[in-house]
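Visitor: Would you be able to build a 3D model of this:
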Amino acid sequence: MKLPPETRKKRSGSLSLELVIVLPILLVVLLAVVQISSYLLATQAIQAAALAGVREATLPGAAQERVRTAVRGALSGWSFAAAMHDDDIQITDLSGDRVSVIVSVDADKAALNTLLHLPGFDLSGKKIRGHYIMRKE
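Guide: Numbering: from 1, shown residues only. Got it, this is the predicted structure:
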């Protein structure tokens, strides 16, 4: 059964209206998924770099420069590694047998900031930190 032409025109207009309403919502959801995924990947990389640094720091005769080199080596494939400074890597001797390494990076440099104009999604001014404490050998 064929529909009359007037009915077909009404339906095509409703489809366009639905597309105009749904498409921006889908785009925001897609951008949010991309931003959250890149944030989580950067967080895992920074945690792994802090772990590599604290492992190096627990070895006998470890120097702070070797620990910084281990952290930078763990982050060597990431784009934000070049923007890191020495004060982004903190090495603390907590007591005679424990050591702590904290790696902190600006979140907007480490992850994509695709939704910076939406409240709650802007990463500007936030930090991603990786912190490990380990006993010395």
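Visitor: does Ile128 count as helix, strand or coil?
Guide: Following DSSP: H, G, I helix; E, B strand; the rest coil, Ile128 is assigned to strand.
Visitor: swap in Lys2?
Guide: coil.
Visitor: could you measure it against Ser16, distance?
Guide: Going from Lys2 to Ser16 by Cβ to Cβ, to the nearest Å gives 22 Å. For every residue, glycine as well, the C-beta is placed using N, CA and C.
Visitor: same check, this time on Leu23
Guide: Applying Cβ to Cβ to Leu23 and Ser16 gives a distance of 11 Å.
Visitor: Ala83 contacts Lys109, correct?
Guide: Yes. Taking contacts as Cβ atoms under 8 Å, Ala83 lies within contact range of Lys109: 5.5 Å.
Visitor: ok, then the element right after the lowest-mean-pLDDT helix or strand in the chain?
Guide: Sorting the helices and strands of the chain by mean pLDDT, DSSP states H and E puts helix 5-58 at the bottom, at a mean of 86. Once helix 5-58 ends, the next helix or strand along the chain (criterion: DSSP states H and E) is helix 64-74.
Visitor: Please name every helix or strand in contact with that next one.
Guide: Applying 3 or more Cβ pairs under 8 Å, 6 or more residues apart in numbering; DSSP states H and E, we find helix 64-74 packed against helix 5-58, strand 89-93, strand 98-106.
Visitor: can you do 7 Å?
Guide: helix 5-58, strand 89-93 (3 or more Cβ pairs under 7 Å, 6 or more residues apart in numbering; DSSP states H and E).
Visitor: From the chain's centroid, how far away is the last one?
Guide: Mean C-alpha position of strand 89-93 versus that of the full chain (Cα atoms, centre = their mean, to the nearest Å) differs by 22 Å.
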